[in-house]
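J.: Sequence and predicted structure, then a few things I'm wondering about:
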Amino acid sequence: MSLDQILPAIQTEMGQLAGRFQWEINPVPENDTENIEQNSLIRKLPTDVRHRLLSMGKCRTWEQGEVVYRPGQEIESVYFPLDAMTSVMVNLRNDRAIEVLTIGPDGFIGVAVLCGCLESDREVVVSATGAMLGIEVGPFLSLTKAEPAFRETLHHFMLTVKFQSSQKTACSQLHPTEQRLCWWLLTCADATGQQELAITQQHLSWILGVRRATVTEILQMLRDEGCISYRRRRIVIEDRPALIDRCCECYTTVESYKQQLLEVAP
């Protein structure tokens with residue numbers, strides 16, 4: 001079923017939701033566009049489309065560990081991370097969990113609404129503190145329908161989501177924790193443009209689905225080799241090429257795919 005076919009039903013349902021919730025939209029100030037354009041999807045949009053999008057949204061800072069969506073929760077807004085990082089998690093029995101997708105300033109959260117789903121099927125958690133631009137689903141879908149450039153940009157991101165998710169599945173089964181951790185650090189640094197990452201060892205262990213002691217041991221080894229330095233709640237990438245050498249091929253595979261999409265993007 002195409003997006004044009006499902007939009008009317010979605011917008012009708014969102015109209016009903018609007019009667020149950022008091023929406024509060026605080027437009028982003030025009031002079032704040034530099035910060036908003038930290039998100040690469042927003043930055044790619046034509047100027048007029050970008051301004052329309054920003055007029056619909058509101059920004060706030062999200063702290064590490066905050067839950068954006070829970071499984072089964074109604075999706076009232078989609079979010080464009082500006083300098084925050086988020087993790088899509090699969091929660092299992094005995095309080096075990098593992099990350100299956102990383103989304104930062106190179107994407108947006110709430111992809112399911114483009115497929116007509118208004119409930120989250122997974123838990124989405126903030127993994128690195130930062131700001132996100134939130135936009136209510138109704139106006140977001142209306143703009144998606146009205147602006148082909150916006151729609152195409154989002155569709156390219158959906159392809160990235162599918163590719164990264166399948167790569168993470170393979171990686172979690174076939175590659176050691178050390179390589180997976182290096183991949184996560186590089187992905188976070190690339191998306192935020194920062195080499196200093198605000199994340200705790202406890203949160204890293206939760207994302208990777210391993211014991212904290214395992215993360216501590218790996219970080220100490222990477223520090224001893226000069227790849228990183230770290231202190232409480234901060235990890236700094238000191239030698240990026242060395243960290244890439246330590247990483248599995250999944251990092252370069254996903255980045256190459258993203259580059260291919262950029263070359264054909266509108």
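T.: Okay, I see it.
J.: what about T160, which SS state?
T.: Three-state call for T160 (DSSP: H, G, I helix; E, B strand; the rest coil): helix.
J.: where's E76 relative to E119, distance?
T.: To E119, E76 is 11 Å away according to Cβ to Cβ, to the nearest Å. C-beta: built from backbone N, CA, C; applies to glycine.
J.: who's in contact with the residue nearest to Q201 when sequence neighbours are not counted?
T.: With Cβ to Cβ, 6 or more residues apart in numbering as the criterion, Q201 has its nearest non-adjacent residue at 4.9 Å, and that residue is V215. By Cβ atoms under 8 Å, 6 or more residues apart in numbering, the contact list for V215 reads T177, L181, Q201, L204, S205, L208.
J.: Check which residues of the one helix or strand the fourth one maps to are buried.
T.: Taking DSSP states H and E as the criterion, the element that holds L204 is helix 201-208. Under the neighbour-count criterion of 16 or more other Cβ atoms under 10 Å, helix 201-208 has Q201, H203, L204, S205, W206, I207, L208 buried.
J.: out of those, who's nearest L143?
T.: Comparing the buried residues of helix 201-208 against L143 with Cβ to Cβ picks out I207 as the nearest, at 31.9 Å.
J.: Need the pLDDT of the nearest residue to that closest one once chain neighbours are set aside.
T.: Nearest residue to I207 in three dimensions, chain neighbours excluded: E99, at 4.4 Å (Cβ to Cβ, 6+ apart). At E99, the model reports a pLDDT of 89.
J.: same check, this time on L3
T.: At L3, pLDDT is 48.
J.: Kindly report the same for the one 4 residues further on.
T.: The confidence metric pLDDT takes the value 50 at L7.
J.: rewinding a little: hmm, T169 and the residue nearest to I207 touching each other?
T.: No: counting by Cβ atoms under 8 Å, T169 is not a contact partner of E99; they are 11.1 Å apart.
J.: between these two, which one's more packed in?
T.: Neighbours of E99 and T169, each counted by other Cβ atoms under 10 Å, are more numerous for E99; the result is 21 against 12.
J.: any idea how far V125 is from that one?
T.: E99 is 9 Å from V125, where distance means Cβ to Cβ.
J.: part of a helix, is the residue nearest to I207?
T.: No: using three-state DSSP, the assignment for E99 is strand, not a helix.
J.: State the number of residues packed around G130.
T.: 22.
J.: so what's it closest to, chain neighbours aside?
T.: Leaving out its chain neighbours, the residue that sits closest to G130 by Cβ to Cβ, 6+ apart is A84, at 3.1 Å.
J.: shouldn't the one you found be in contact with L133?
T.: No: assessed by Cβ under 8 Å, A84 is found out of contact with L133, at 10.1 Å.
J.: more neighbours, the two?
T.: Higher neighbour count among A84 and L133: A84, with 28 against 25, using other Cβ under 10 Å.
J.: give me every residue that touches the more buried one.
T.: Contacts of A84 by Cβ under 8 Å, 6+ apart are T61, W62, G104, P105, V126, A128, T129, G130, A131, M132.
J.: Quick check: bridge partners of the second one?
T.: Beta-bridge pairing of W62, defined through DSSP bridges, involves G130.
J.: wait, it sits on S127?
T.: No: taking Cβ under 8 Å as the definition, W62 is not a contact partner of S127, at 10.1 Å.
J.: Look at the two and report which has more neighbours.
T.: Between W62 and S127, counted using other Cβ under 10 Å, S127 has the larger neighbour count: 28 against 21.
J.: Correct me if wrong: that one contacts M89.
T.: No: counting by Cβ under 8 Å, S127 does not reach M89; the two are 9.4 Å apart.
J.: ok so, going back, of E76 and E119, which one has the most company?
T.: Between E76 and E119, E76 has the larger neighbour count (other Cβ under 10 Å), namely 17 against 13.
J.: if we can go back for a sec, quick check: the residue nearest to I207 vs G110, distance?
T.: Distance of E99 to G110, given as Cβ to Cβ: 17 Å.
J.: Many thanks, I have nothing further to ask.
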